[in-house]
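Student: Sequence plus predicted model, see below.
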Amino acid sequence: MVALSALAGEGPTSLIQAGGWFLEKAWIIPALPAISFVLILFFGKRMKYKGAEFGIISIAVAFIFAICCVGQWIGQVNNADSYTEKQQYHDEEKHSDKAAHEGILNEEIQRTSFNELGVASSEEIVVSALAEEKDGYSSVGIKPVIERFTWWESGGRSFQVGIMVDGLAVMMLFVVTAISLLVHIYSTEYVAGDRRYTHYFAFLSLFSASMLFFVLSENILQTIVGWELVGVCSFALIGHWWEEKPNSDAALKAFLTNRVGDMGLLVGMIVLFWSAGSWSIVDINNAAINNEIGQSTLLIASLCLTAAVMSKSGQFILHTWLPDAMAGPTPVSALIHAATMVVAGIYMVARLYGVFFEGFDIAGSSFNVLALVGSVTLVGAGLLAFVQDDIKKVLAYSTVSQLGYMVMALGVGAWTAAVFHLFTHAFFKAGLFLGAGSVSHSVHSFDMKKSMGGMRKFMPTTYKTFIVCTIALMGLPPLAGFWSKDEILVGTGGWGLFGGTGGNGTYVFALVMGIIGAALTCAYMTRVIYLTFFGEFRGDTHGHGDPHESGKRITIPLVILAVMATGAGFLNFPVGFLTGSKAGWQERFGHYVEPVATYFPPIAHGTPSWSLAIFSTVVAIIGVSAAGYYFFVKVNAQSPAATELTNGLTEKSKVAKAGHTLLKQKYYLDHLYTDIIANGTKGPVADATYWTNQKGIDEAVNQVGKQTARAATFVYEKIDQNMVDGVVNLSGKASEGLGETTRTIIQRGKIHQYAAIMFAATTILAGLLIVFV
Amino acid sequence: MLLVQFLLLSSVLFCIGIYGVLARKNGVMVLMSIELILNAVNINLVAFGTMTNNIAGEVFALFVIAIAAAEVGVGLAIVLLIFRNRSSVDLSSIDSMKG
Amino acid sequence: MEYDNNWLLSLMVFLPLIGAAVVMLIPKAQEELVKAVALGTTLVTAALGVFMLFDFDYGKSGDLQYVVDKEWINVINSRYILGVDGMSLPLIALTLLIVPLCLVYTFGHFPEPRNPKAILALILILETGMIGTFASQDLILFFVFFEVVLLPMFFMIAVWGGDDRRYASLKFFLYTMFGSALMLVSFLALYFLADGSIVGDQANTFSIVSLSEGASLGISRSAQLWIFAGMFVGFGVKVPMFPFHTWLPDAHTQAPTVGSVILAAVLLKLGTYGFIRIAIPMLPEAASAWAPFIGLLAVIGIIYGALGCLAQRDMKRLIAFSSVAHMGFVMLGISTLTDFGINAAIFGMVAHGLITGMLFFIAGSMKDRYHTLDMGRLGGLLVSAPRLGWILGFSAMASLGLPGLAGFWGEFPAILASYNPASILPESTFRGYMVVAALGTVLAAGYLLWMLQKTAMGNPKEEFADNEEITDVKKHEWIAWAPILALILLFGLYPRPIFTTTDDAVVKSLTVDIQGEEIENCLEVEGADLGKECFANVRETAESMKE
C-alpha cells in the first residue's frame, strides 16, 4: 500500500473503509423483492390479497433496510469528518490493532474478496481527486463497501457479481424503495379488481428487485444486466393490458427503442472493459481519471453510453417511447417511467462519472454532447408538453424535460446538482403521476379537455397535493425543485460571465436553455392545473354522480409525496446562502452523497448566487403568469368549460399554426421511427432480404439442384444412352452386320464357290509361304 | 532330270482336277476330279520320295490312296442319296447348306 | 479416476442403437412396450450421462477422459477412439437431456402418419449418431457418426413432415451430403499430408488427438488453406452459415416437432463443434487466415437472419430463421480465435439448443392446437392458453438475449470477444463486426417481440375464439418443458458451470503445441505478417521433428 499521507494535497488526504452490517448486507435489499416475485408467481393467486401482500411486505422490509443503510452511511461520513480533526494524533497508530473497528484509516482488511485480478491496483492507487478541501466536502475519502464473489470465469478473466455501496447507491436505494413502497400501497386500490392483479404485483416486485440490483452494481456487467432487466419489466408493465393493440405497440416501442440505446450501452461497456481491463466500476473510474485510458477511447465509450442514456432516460432523439409508455397503469408510470427506471441513465452516468468527465473533457470546456442532448431535450420536450391533452402525456414530456435537466447537469459537471435533482424529482414527479392517476381513477379517463375540469371541488386532497408537487416541479422557492434546479443552473458556470459563480466550465448555452426550460415548465404546468382542476367539469360520469375523492390508500401516498416535495430541497441547502457561513446543516445531501474517493473525478463546485436565484425565479413567475393570464383570465372569461381560445394565436398566425402542427406531430420523430425506420426494416428491407434469400441464395441452391438434375438427364440420355451404350451396341451391331453380309455373300451353299474360295485361299497361302519363307 | 517331268505331269493332273471341281456340275464328275487332284499329289509324293531316297513319300502316297478310296466311297454314297432324294446330282441346285 | 471406466462412453454411444434394435423387434401392437423400451433406453443413457457429469474430473477438463482406444480399420490406421473433454461434455449432456424430453413430448403428440415404433427407433438412432460425433476422437469415426445422424433425420422429415416434406428432406440430405463430401476430402488430405511421426504416432493418421497436437503443423500454408476450406464448407453447411443456410428454414418448417427440436438443439451444433474440435486446433494457421472471412459471414448471418425473420408470416419459419442469426453469434465467437470467444460460442451452443429447442416445442404445440402457424391468424394465446403464452414470452425473452436467462451469456461474451480478437487477426475489422453484431441484438428483439405480439398478445381471432382444442399446457408438455425452462433460468443466473468446464479444453485447443510442449503461440503474434513468419518457424520445427 502506498503511503497515503505522502499524497496529501493531491487527493483525499486519506481513505476510510466504510463498513456496517446493513451496508455490507445491502444485497438483501434487492433479494427481498426478488423472493417476493417468486412467491407471487407460484402462490400469489392462492393468497388472500392475491399476492399483493408479498410485494408490500418485501418492499417495506427493503425500505427499512434502505433507511438503515442511509443511517449507517451518514455515520460513516460523520466518522470521516471527525477523523479529519483527529488525523494528527492517529498518524502513528494507523496500523495498530485498535483500528480494527469501523472507519479505520488505510486499513488493508479486505472486507471484500479482493483476491481477484486487477483489483488490488484500484485499492492502492490513490491519486487526484479533490484539489483542495472545499466547503462542506470532507477531505477524508471513504472507500465504498464492496462485497463480491466470482460469478463466472472465462478465458482467464473472472466476472464478479457483488454490491458497491456508497452515498450515491444509498441515496438511490432510499428513493427506489420509498417510491416503490408508496406505489405498491397506492396500487392496491388503483388496480383493484384488475384482470391481472397478481401478475401486476409480481412484475412490480421483479422491477423493484432489478432496479435495486442495478443500483447496487459493483461492476458494469451487472449494470448491463440490471439495465436490461428493468427494461423488460417496463415492457411487461407498459403492456399490462396487452389485449389492446395500442398497449402492446407501446410496450414494443419502448423495448425496441431501449434496445437501440442498449447497443450503445453494450459497445460502450465493452470498450471500457477492454481498455480498463476490469469490469469494476471503481477500477474503470480510476483508470479513466488517472489517464490510463486514452482520451479518444474514453470519448468513444462516453458517446456510446450517451446513446444508452438517450434511450433509457428518454433524451432527444430517442425519447419517443416514454410518452407512449403511459399506456401502462398509472402507478407504473409513476414508479418506472418517472421516478426510478428512467433515471437509470442518469445514475449510470453518475456512477461512471470519471469516464464521462475525462471523456468529454467536461472541466474547462464549454460544450459537449451530454450537455447538448440534455439541454435540447429540456426545451424540446417542454414545448411538446403544451399540445398534449392527455394529462399523463404532459407529465411524461415533463419527465423527459426534467431528465434533460439532469443530463445537462451531468454534462456541465454539476454532478451533485444532477443527483440532487434526480432525488427531488423522484418525489414530486411521482406525486404528480399518482395525483393524475387519482383524478383518472374517478373520471376514468386521462383526457384533460374532455373528461376533466373543476376537479378541485371533487377531489380536494388530490388537488392540494397536486398543486404542491406542481410548484415543486416549477422550481418556485422554497419547494424542492427550486433548490435542485438552481444548483444545476449554478453548475453550468454560465452565470459566471455576469460575475459571480464558477463551475467546471462555462456552459452558457446550458444556462440559457435551463432558464428557458424553467419558464416552459411553469407555463405548461399552469395549463395542466387549469384544465384539470379549474373551470367546469367537462366529463361524463355516466350517471354515477359527481366524481369523488379517491380512497385512503391513494391519498396517503399522495400526501407523503407532497411532504417530500416540499421538504426534500432543504437537504442540500446551499452553503453561505442565507447564513453566509458554513454550518452543520448545509449541503448535507452533497456531503453525504458525493463520493470523496479516488474513483470520483475532481469536479469543481459552483457557489450559489443570489442574482441567479432571483433571476430564475422571476423567469419562472413570468412563465406562470403568462400561462395563468391566458387560461385563468382569457379562457375562463370566454367560458368556464372552454379549454382554449377559439380565436387563439394558431388561428391568426400561419407560423404559429405551423409550429403547433410540428409539436402536435411530435417533431415527426414518431413518423420517422415507426413509419420509416421500423416499418421500413420490417417491410421493404426485410422483404427484400427475404426475397434475396428465396430468389437469390435459395434459388441458386435450387437451381444448382435443378441444373444438376438436368445435367444428369442430359448425361443419361445423350451421353450414356447414346454414346457410351452406343459404342457397345455398335460393336454388336457391327459384328451382326458383318455376319449377315458374310452369310449372304459367301455362304450361299454353292459348292463350287466354296471350292473356288478354298482354292484361292490355298493358292494365296501357298504364295505367301513361298514369298516369306 | 526326270523329276521335272513328273512334276509337270502332276501339275497338269492337278489343274485338270481343279478345273473339274470348279467347272463340272455333276457331283460324280466333281468326285472324280477330286480323285485327280489327290493322284496328282500322289505323283508328287512318290517323285520327291524317290528323288530324296526317302520312303516316306511312298508311304504317304499309300495313305492318300487309302483315304481317297474311303472318301470316294463316302462321297459316292452321299451323291447317291442326293440323287435318290432329288433325282439330280446337279451341284448348283444343291444349296440347302446356305447360311 | 484410477479405475477403468472406458466402457462408459461406448455404452453411452451404442445403448440407444441397441434400444432402437429392440424397439424394431417388438410387434407394432404392443405400443406401450415400445414406448417403455424407448424411453427406458434414453433414460438409462441419460443416467450414464449424469454419472459422467459427477464423475468427470473437472480439474483436468482440458484432457480427454474415459478414453477408449482400440484397433478398428488397420488398413488406413483408423482407430476406434472415444473420449470426452470439457469442450464436448456440455454438448453430450445437452443431447442426453434433449432426447428423452423429445420422447416424452412425442408420446403425447405422435405425428401423422402415426407410427410410434418407427419414429422412436429413428430418434434412438439419431441419439447414437449425435453422442458418437461428440465423443469420437478419430476423423473417420467422427465422419461415420456425422453421417449416421443424417439418415434418421431425413426419414423423419420425409415421412412425418409437412406438405412440402419431399423437397425439404431431399434438400437437407443433399446439401449436408455435399458438405460432408468436401469435409471427407479434407480429412483424407490431412491423412496424407500430415505427419503423425512428429508426435510419435504413425505417419499417416486419422487420430484427432495426434492431429491437433502437432501432426498437421508441417503442412504447407497453401495446402492448409485448401484443407480448411473443405472443412469450412462441410461444417459451415451444418451450422448453417450464411450463405449455406437455405436448407435450414425448409427443413425446420417441414420437420415434425421433435425433428425440429433435435435439429435445432443438437444437429446444428455438430457443425460448430467440428470447427472447434477439428478445424481450428488442427489448422491454426489456416484458421487465422480464414477467421476474418468467417467473422464477416457470421455477422452477415446475424443481420440477414434477423431480417429474414421479420419477413416471415409463419411462426415456425421465423424461429428457424432466428437460428441463422443465433448461430451467427456462435460463429462470431469462434472466429475471434480467443479462448474467451470460443467459450462464449460453446455457451451459445448450449443456450441456443435449450432456447430454440423450447421455441420449437411451443410452435409444435401451437400447431397442434391451432392447426396453423400463420401469424396473421394467430393471436391472443395469452388469453386462450395463458401458461403456454407466458412460456412463449419467457422463451422469446431468453432468445433475444435477456440477461438473467441463458441466451445472454452466449450472445454478449461473443460480442465482447470480438472487440479483442486474437492478436494475429485484424482488430479494427473485428470491432466493426462487434458493432454490427450489437445491431443484431436490436433486430433480435424486434422480430421476437413482434412474433410475441402477433401470437400471444391481443384477443383471439374469431375463428379461434371458443375453440375447445386450444387448451393450456398439458401434462406431458410440462414434463418435457420444465427441465428446459429451469435450465434456461439456471444458466442465465449462474453461467459458471459451463464456462469453467469448457475453459481448459478451449485454451488447450488454441495453443500451438507439439505433444503438449508449447512452441511459439502464433495466434498471439501481432498482425498477420508476423503471424506468417511465426507459422513458418513452427513448420520448420515440425519438419525437424519428423522421424
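Tutor: Sure thing, it's come through.

Student: hey, let's count contacts and neighbours off CA atoms from now on
Tutor: OK.

Student: any weak-confidence spans in the stretch 151-300 of chain A?
Tutor: The stretch 151-300 of chain A contains no residues with pLDDT under 70.

Student: any chance you could map the helices in it?
Tutor: For the stretch 151-300 of chain A, the helices identified by DSSP state H, counting those that start in this stretch occupy A:167-190, A:197-215, A:220-238, A:245-276, A:281-289, A:295-312, in order along the chain.

Student: Then chain B?
Tutor: Listed from the start of the chain, chain B has helices (DSSP state H) covering B:2-23, B:27-51, B:56-86.

Student: ranking these by burial, who's on top?
Tutor: For the helices of chain B, the stretch with the most neighbours on average is helix B:27-51, a mean of 20; neighbours defined as mean count of other C-alpha atoms under 10 Å in any protein chain shown.

Student: Show me what it packs onto, helices and strands only.
Tutor: helix B:2-23, helix B:56-86 (3 or more C-alpha pairs under 8 Å, 6 or more residues apart in numbering or on different chains; DSSP states H and E).

Student: Now render those as TSV, adding mean pLDDT and distance to chain C.
Tutor: Formatted as TSV, the entries for the helices and strands packed on helix B:27-51 read as follows, by pLDDT from 0 to 100; distance: least, C-alpha to the nearest C-alpha, whole Å:
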stretch	mean pLDDT	distance to chain C
helix B:2-23	89	72
helix B:56-86	90	68
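
Student: Any idea which of those gets closest to chain A?
Tutor: For chain A, the closest of the helices and strands packed on helix B:27-51 is helix B:2-23, at 5.3 Å, according to C-alpha to the nearest C-alpha.

Student: The closest one relative to helix B:27-51, how many degrees between them?
Tutor: The directions of helix B:2-23 and helix B:27-51 differ by 160 degrees, with axes from the mean of the first three to the mean of the last three C-alpha atoms, to 10 degrees as the criterion.

Student: tell me which strands and helices the longest helix along chain C is in contact with?
Tutor: With secondary structure taken from DSSP H, chain C has its longest helix at helix C:339-370. Under the contact criterion of 3+ C-alpha pairs under 8 Å, 6+ apart, the helices and strands touching helix C:339-370 comprise strand A:145-154, helix C:89-108, helix C:257-262, helix C:315-335, helix C:386-399, helix C:406-419, helix C:475-493, helix C:496-510.

Student: picking up where we left off before, using CSV, lay out the helices of the stretch 151-300 of chain A together with mean neighbour count.
Tutor: Supplementary listing: the helices of the stretch 151-300 of chain A in CSV, determined by neighbours: other C-alpha atoms under 10 Å in any protein chain shown:
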stretch, mean neighbour count
helix A:167-190, 24
helix A:197-215, 27
helix A:220-238, 24
helix A:245-276, 24
helix A:281-289, 27
helix A:295-312, 24
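
Student: Out of these, flag the one nearest residue A:590.
Tutor: Put simply, out of those the one that sits nearest residue A:590 is helix A:167-190, at 9.1 Å, with distance taken as C-alpha to C-alpha.

Student: could you check the angle helix A:197-215 makes with the closest one?
Tutor: 170 degrees.

Student: Give me the buried stretch members for the top strand by length along chain C, please.
Tutor: In chain C, assigned by DSSP state E, the strand with the most residues is strand C:65-73. Using 16 or more other C-alpha atoms under 10 Å in any protein chain shown as the test for burial, strand C:65-73 gives C:65-68.

Student: Of the helices and strands packed on helix C:339-370, which stretch is the most buried?
Tutor: With neighbours defined by mean count of other C-alpha under 10 Å, none of those is more surrounded on average than helix C:315-335, at a mean of 30.

Student: picking up where we left off before, looking at the helices and strands packed on helix C:339-370, which is nearest to residue A:636?
Tutor: When these are ranked by distance to residue A:636, counting by C-alpha to C-alpha, first place goes to helix C:386-399 at 50.4 Å.

Student: starting at the chain centroid, how far to the closest one?
Tutor: 23 Å (C-alpha atoms, centre = their mean, to the nearest Å).

Student: Now do it: which elements does it pack against?
Tutor: The criterion is 3+ C-alpha pairs under 8 Å, 6+ apart, and the helices and strands that helix C:386-399 contacts are helix C:339-370, helix C:381-384, helix C:406-419, helix C:427-455.

Student: Mean pLDDT for these - can I get that in JSON lines?
Tutor: Converted to JSON lines, the helices and strands packed on helix C:386-399 look like this (pLDDT from 0 to 100):
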{"stretch": "helix C:339-370", "mean pLDDT": "91"}
{"stretch": "helix C:381-384", "mean pLDDT": "84"}
{"stretch": "helix C:406-419", "mean pLDDT": "89"}
{"stretch": "helix C:427-455", "mean pLDDT": "89"}
